[in-house]
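*Asks:* model this:
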Amino acid sequence: MEYIAHLRAEHKRSPRSAADVEFTSAKAELTRLRILEKKKVLIVAEEAYAQMDQLVGMAVGLWGTHRRSRFGGAPRHQPSRVRSAA
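*Replies:* Numbering: from 1, shown residues only. You can find the predicted model right below:
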């Protein structure tokens, strides 16, 4: 029994076995990511950023329209009339 324990301990200490374990776990992670992409659970970051920009733009546009209609014209920080220099 000690001999088997010695072989197992030697196998655990081997740098090649550590590299094999790391490679196998990385490959499994890549496979999990590919499956999630196929299921449309994950999307590409650029797609997410584009969708977020579009939603924020819509929200800001709606908020600006709501402010102008609620307070009777342009927001306070933007002048509604331009003063003449004369």
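*Asks:* Mind pulling up the pLDDT for Val21?
*Replies:* On pLDDT, Val21 comes in at 86.
*Asks:* So what's the residue count around it?
*Replies:* 11 (other C-beta atoms under 10 Å). In this view, the C-beta of every residue, glycine as well, is placed from N, C-alpha and C.
*Asks:* Got phi/psi on it?
*Replies:* Per-residue torsions, Val21: phi -60, psi -40 (degrees, to the nearest 10).
*Asks:* Contact partners for it?
*Replies:* The contact partners of Val21, taken as C-beta atoms under 8 Å, 6 or more residues apart in numbering, number zero.
*Asks:* Quick check: Met58 vs Tyr49, distance?
*Replies:* Noted for Met58: a distance of 15 Å to Tyr49, by C-beta to C-beta, to the nearest Å.
*Asks:* which residues in this structure form helices?
*Replies:* In the chain, the helices defined using DSSP state H lie at 2-13, 15-38, 45-70.
*Asks:* Go through those and find the least confident stretch.
*Replies:* Among the helices of the chain, helix 2-13 scores lowest, with a mean of 73.
*Asks:* How much space separates Gln54 from Ala45?
*Replies:* 15 Å.
*Asks:* what's the answer for Leu33, then?
*Replies:* 13 Å.
*Asks:* In terms of neighbours, single out the busier of those two.
*Replies:* Leu33 (12 against 8).
*Asks:* Contacts only, for that one.
*Replies:* With contact set as C-beta under 8 Å, 6+ apart, Leu33 has these partners: Leu42.
*Asks:* Next: the one 10 residues further on.
*Replies:* Contacts here follow C-beta under 8 Å, 6+ apart; on that basis Ile43 touches Glu37.
*Asks:* now it: how far from Leu33?
*Replies:* 12 Å.
*Asks:* again, but for Leu62
*Replies:* In terms of C-beta to C-beta, Leu62 sits 36 Å off from Leu33.
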